[in-house]
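Colleague: Fold the following and give me the result.
(chains A and B)
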Amino acid sequence: MKTDFLEISNGEAISRNQIPHLSFDAFHQEALDIVGNGGKVVHYFAYSDGGSVKLLAVLRTDTLLVAGCDAPEAYPSLSNQCEPFHMFEREMAEQFGIRPEGHPWLKMVRYHPNCRNVPDVFGNNYQEDIPGNYDYYSVEGEEIHEVAVGPVHAGVIEPGHFRFNCIGERVLNLEIQLGYQHRGIETLLTQVDAKRLPVLAESIAGDTTVGHSLCMAQAMEALSSAGPDAGAKIIRTIDFELERIQNHVGDLGALSGDVAFLPPANYCGRMRGDFLNMALLLCGNRFSKGFIRPGGVLFSMDNEVRNILIERIVEIKPQVKHVIELLFSTSSVRSRFEGCGAVSKSDAEKLGLVGPAGRACGIPYDVRRCFPTEHYGNLDIPENAEPTGDVYARAKVRADEVMQSIDLIQSMLNDPVETNCVGSGNVSPAPSSFVVTVNEAWRGEVSHCVLTDAESNILRYKIKDPSFHNWNGLSMSLRDTEISDFPLNNKSYNLSYCGFDL
Amino acid sequence: MLNTLKNRFEQGYRTSRYPLEKIALWKRYRGMPQINKNAPADLVCQCAEACPQDAIDAENRLIDMGRCIFCGTCERISKGQFISFTQDFEISVAEKKHLLTDGTLSSLADHSKQHFKKLFGRSLQLRQVSAAGCNACEADLNVLATPFFDLARFGINFVASPRHSDGIVVTGPISRNMKTALLKTYEAVPDPKVVIAVGSCTLTGGPFRGSPEITEGLDSLLPVDLFIPGCPPHPLTNLHALLTYFK
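Modeller: You can find the predicted model right below:
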């Protein structure tokens, strides 16, 4: 298909002049064509450049595509014709006050005033600090009841509000309102000293520290031509796979706990800790904070560390395998997992689900295979896809990935790894440039976009956590599902509140 | 059934004997900072300049553990000649001013409120409130319930309702959007109640300091009894703080 969008590689810095600047109509039409033909939206956001506001879209087919245009004050919504733009248009309306006319469900995303001080698109009064202060979608009828949960939840977890409309036990609609975690990270990233950038990236979502740190490091490396050496790439890939295992193992345990099968719940909880301690072995922090910096890593993996890691993995691997077998061979577990909270492949495509949530619906997309970064080009990443889209499929994909990731790590530990550790990791980016980086975090596609101005300052820093796509998948899973199965479905996705709220 | 038993034997007994037996953490772990008062002035300034958290007071040669995220930048720059991090994870304090340290820490047990020990020493029920935490502090509080730490054996539990709790454990930099919910949760806890602040964000705003969307320090909103530094604090740091302060 011929298009005016520019093909760009993952982590390739280009001059901003090279980004095709289209008329709004051409931009609009081509974006619709690409996504209508099976393309996906990676980014679609606005930014201020001097006095004017511009839009920028990064789409993906089998390649990444970028183009921009001048922003109108209002325009006919793209979501009306093409669902995957839905969240992006709402986010843009909130951040910049640009109104997508006729948007099918125009509501706030994170509950904060827009950055241009123009009238609020949603008519909110931000003097009241309550994102949940809003007329929720409600179903009417004599036997309908509503259940409101959050922002403070019953467990040790992040805040968000869930509003269920039910008839008896059956959920007709689940509406999710987030924003409680909003910390203003994107704005902060354009204001702080270079020394604070990696620290902020590590705190976007603590359970995806490696994913977000890699996105930032790769972006800064591309903008400053300060790439990591081969050893650093291997170490970062090992750490990234450890993060995947930590979270998947923890969630498999939580899923088991939610169907009242306690042995795997306890074993997985403990084993997750062992994988967190492997990150501590590498860098001194269980969540890999203070490890990845633009240009490489702050700690080498000497043979002492490598041998301990090999030993620990050899010891724990059969335990993990056996607990997963126990979980999936237990009939009471299977009967609760199977058929619960199913999302069809076509719905998943429209919602733009990514990562294990997408793969559980038969969408095999995996950044590690499609747009490999770090050491992934040298690894054989298996294609995972389950057809059923239910809790079972999400659990199965994640269980398979745990064992695959253990094998990947073992293969990377065979030979000694040498790297020159970076000093501070402070780099100065090139002026008037643009870069997009994409990685496969444990929840799916995580991506950062950086635009710099003529003085090399960061003009716009756009972050997208995979949860930005996947929260609507959870809503969809709950349709016609019993409300008592909510915790189970929620755990099967285990989405990020802070990664979404930024 | 056989499979269940086989797994049980393979998993074995995993619960730590801490605090009866000490635990030595891996040498790369960064706990209590040690400060060399006689380090050359230019080296001290260099460290203070490079600290991403601006946590170093160069003039008085102190480090603010409330701001510090234990990233080790100062240790790396000074090659340990000004600041080095030990593997001592017992770093919590009862008064905020004690976070500003020259490398020594007064014993937490000496600053515990004695009536808390009497009230909560045998049973302590806590309600956790994540107020814009990045899920790292939350996760390392959650693991206290796993078999290795097994918090419940000390009579301490995390509970679902503030009405059933003796206090709140707050994580995160308290976003504007979460402030009301946090204060309401606090109000819902019956008196007498404790407030525990966990992690650099809750103590001082952490990496988010300077953002108008957050609060720089829980103590500006509520009376805090126990400050647990770290980014995130190691689960053993949390465990030590709870056991020392309340037991």
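Colleague: Please state the backbone phi and psi of the closest residue to chain B within chain A?
Modeller: Here chain A gets closest to chain B at one residue, A:Gly206, 2.8 Å apart by Cβ to the nearest Cβ. Every residue, glycine included, has its C-beta placed from N, CA and C. Main-chain torsions, A:Gly206, degrees, to the nearest 10: phi -60, psi -30.
Colleague: Please name the residues that touch the closest residue to it other than its chain neighbours.
Modeller: Spatial nearest neighbour of A:Gly206, excluding adjacent residues (Cβ to Cβ, 6 or more residues apart in numbering or on different chains): B:Ala136 at 2.8 Å. Neighbour list for B:Ala136: A:203, A:206-207, A:209, A:287, A:289, B:199, B:231-232 [criterion: Cβ atoms under 8 Å, 6 or more residues apart in numbering or on different chains].
Colleague: which one of these sits closest to A:Pro466?
Modeller: Checking the contacts of B:Ala136 against A:Pro466 with Cβ to Cβ, the nearest one is A:Asp207 at 11.6 Å.
Colleague: Make sure I have this right: that closest one is in a helix.
Modeller: Yes: looking at A:Asp207 with DSSP: H, G, I helix; E, B strand; the rest coil, it is inside a helix.
Colleague: surely it meets B:Cys137?
Modeller: No: judged on Cβ atoms under 8 Å, A:Asp207 makes no contact with B:Cys137 at a distance of 11.0 Å.
Colleague: who has more neighbours, the two?
Modeller: Neighbour count, other Cβ atoms under 10 Å in any protein chain shown: between A:Asp207 and B:Cys137, B:Cys137 has more, with 30 against 24.
Colleague: Distance-wise, check the more buried one relative to chain A.
Modeller: Shown here: B:Cys137 relative to chain A, a distance of 7 Å by Cβ to the nearest Cβ, to the nearest Å.
Colleague: That residue belongs to a helix?
Modeller: Yes: B:Cys137: assigned to a helix according to three-state DSSP.
Colleague: Verify the stated contact: it with B:His234.
Modeller: No: if you go by Cβ under 8 Å, B:Cys137 and B:His234 don't touch, sitting 10.9 Å apart.
Colleague: and A:Glu12, how many neighbours?
Modeller: Each residue near A:Glu12 was counted by other Cβ under 10 Å, and the total is 13.
Colleague: which non-adjacent residue is nearest it?
Modeller: Among residues not flanking A:Glu12 along the chain, A:Ala222 sits closest, at 6.4 Å (Cβ to Cβ, 6+ apart).
Colleague: Over to the nearest residue to A:Phe85 once chain neighbours are set aside. Which of the three states is it?
Modeller: Using Cβ to Cβ, 6+ apart and skipping residues adjacent in sequence, the residue nearest A:Phe85 is A:Leu78, 4.1 Å away. Under the three-state scheme (three-state DSSP), A:Leu78 adopts coil.
Colleague: ditto for A:His43
Modeller: Following three-state DSSP, we place A:His43 in the strand state.
Colleague: Test for you: state the pLDDT assigned to it.
Modeller: Note on A:His43: pLDDT of 96.
Colleague: got a list of what it touches?
Modeller: A:56-58, A:88, A:436, A:447, A:449, A:462, A:464.
Colleague: Pull the number of nearby residues for the residue nearest to A:Glu12.
Modeller: When neighbours are counted by other Cβ under 10 Å, A:Ala222 comes out with 25.
Colleague: unless I'm mixing things up, it is touching A:Val427, no?
Modeller: No: applying Cβ under 8 Å as the test, A:Ala222 and A:Val427 come out as separate, 10.2 Å apart.
Colleague: Need the residues touching each of B:Cys137 and B:His234.
Modeller: What both B:Cys137 and B:His234 touch, as defined by Cβ under 8 Å, 6+ apart, is an empty set.
Colleague: Then A:Asp304 would be within a strand, right?
Modeller: Quick fix: residue A:304 is Glu, not Asp. No: according to three-state DSSP, A:Glu304 belongs to no strand; its state is helix.
Colleague: Just give me the neighbour total for it.
Modeller: Counted with other Cβ under 10 Å, the neighbours of A:Glu304 add up to 10.
Colleague: ok, now A:Ile238?
Modeller: A:Ile238: 27 neighbours (other Cβ under 10 Å).
Colleague: OK, contacts around it?
Modeller: By Cβ under 8 Å, 6+ apart, A:Ile238 lies in contact with A:282, A:301, A:409, A:412-413.
Colleague: likewise A:Thr187?
Modeller: A:Thr187 makes contact with A:115, B:211, according to Cβ under 8 Å, 6+ apart.
Colleague: thinking again about what came up before, so which of the contacts of A:Ile238 are also by chain B?
Modeller: Residues of the contacts of A:Ile238 in contact with chain B (Cβ under 8 Å from any Cβ of the partner chain): A:Leu282.
Colleague: Next, give me the two most distant ones among the contacts of A:Ile238.
Modeller: A:Leu282 and A:Met412 (12.3 Å).
Colleague: who has more neighbours, those two?
Modeller: The residue with more neighbours, out of A:Leu282 and A:Met412, is A:Leu282; 23 against 20, by other Cβ under 10 Å.
Colleague: Tell me the first helix or strand C-terminal of the helix or strand hosting that one.
Modeller: Element membership for A:Leu282, per DSSP states H and E: helix A:262-283. Going down the chain from helix A:262-283, the next helix or strand is strand A:292-293, by DSSP H and E.
Colleague: Pairing partners for that following strand, with directions?
Modeller: Paired strands of strand A:292-293, with direction, are strand A:296-297 (antiparallel) (DSSP bridges).
Colleague: The nearest residue to B:Leu243 once chain neighbours are set aside and chain A, how far apart?
Modeller: In this structure, B:Leu243 finds its nearest non-sequential neighbour in B:Pro19, 5.9 Å apart by Cβ to Cβ, 6+ apart. Distance of B:Pro19 to chain A, given as Cβ to the nearest Cβ: 18 Å.
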